[in-house]
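Undergrad: Quick check, what structure comes out for this input:
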Amino acid sequence: MDPSRKRKTRLVVALCAALLLAGALIYTSFSDSTEAKTPSQIAGQRSSGNFEVTGKVVAGSVAHQGSRLLFRVRDRTGKGAAVPVVYAGTVPDPFKEGREVIVKGAMRDGTFVAQRDSLVTKCPSKFQNAPGGQPS
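TA: I've put the predicted structure just below:
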């Protein structure tokens with residue numbers, strides 16, 4: 001076989017393999033994602049499939065019931081309906097009232113039942129503007 005033809009064949013095979021791998025990567029990244037919703041979007045739902053909820057923990061709503069953590073989340077703006085959340089698993093250290101959280105799970109009888117160990121606490125950004133317009 002001619003060496004130049006051999007190189008072309010290798011190049012075509014390598015490019016096809018790269019395209020297949022890139023396609024597989026794109027497919028898995030999009031197919032594994034879950035939809036994120038706000039508490040006001042899910043308030044009042046009785047049951048649903050799995051998704052993520054993102055919002056702020058309502059002040060005065062955090063309670064423990066055995067190994068379960070009970071709290072309510074509201075939209076980041078502080079407006080809208082608050083949704084009760086039942087969570088079991090590891091609680092991140094920065095978790096507290098007023099913090100933004102993301103949690104995966106499903107609605108059951110008007111309560112968001114979180115998947116075990118799915119709670120993520122978003123830390124406030126040190127680059128957000130303070131009330132006076134100056135960075136904090």
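Undergrad: what about residue 95, is that helix, strand or coil?
TA: Assigned by DSSP: H, G, I helix; E, B strand; the rest coil, the conformation of residue 95 is coil.
Undergrad: I'd like to know which elements the longest strand that the chain contains is packed against.
TA: Longest strand in the chain, counting residues (DSSP state E): strand 100-108. In this structure, strand 100-108 makes packing contacts with strand 51-57, strand 83-88, strand 111-114, strand 120-122, judged by 3 or more CB pairs under 8 Å, 6 or more residues apart in numbering; DSSP states H and E. No exception for glycine: its C-beta is placed from N, CA and C like everyone else's.
Undergrad: want to try a markdown table for those, with mean neighbour count, distance to residue 41 and mean pLDDT as columns?
TA: Compiled in a markdown table, the helices and strands packed on strand 100-108 are given as follows (neighbours: other CB atoms under 10 Å; distance: least, CB to CB, whole Å; pLDDT from 0 to 100):
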| stretch | mean neighbour count | distance to residue 41 | mean pLDDT |
| --- | --- | --- | --- |
| strand 51-57 | 20 | 9 | 92 |
| strand 83-88 | 20 | 9 | 95 |
| strand 111-114 | 21 | 12 | 93 |
| strand 120-122 | 15 | 18 | 90 |
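Undergrad: in its sheet, what does the lowest-mean-pLDDT helix or strand in the chain sit against?
TA: Lowest by mean pLDDT, DSSP states H and E among the helices and strands of the chain is strand 36-37, with a mean of 85. With DSSP bridges as the test, strand 36-37 is paired with strand 51-57 (parallel).
Undergrad: Can you name the residues in contact with the strand it pairs with?
TA: Strand 51-57 is contacted by residues 34-39, 42, 71-76, 78, 83, 85, 95-106, 112 when judged by CB atoms under 8 Å, 6 or more residues apart in numbering.
Undergrad: for the record, mean pLDDT for the very next helix or strand once past that strand?
TA: With elements assigned by DSSP states H and E, the helix or strand that comes after strand 51-57 is strand 63-65. Regarding strand 63-65, the rounded mean pLDDT is 93.
Undergrad: Any idea how far strand 63-65 is from the middle of the chain?
TA: Here strand 63-65 is found 23 Å from its chain centre; the criterion is CA atoms, centre = their mean, to the nearest Å.
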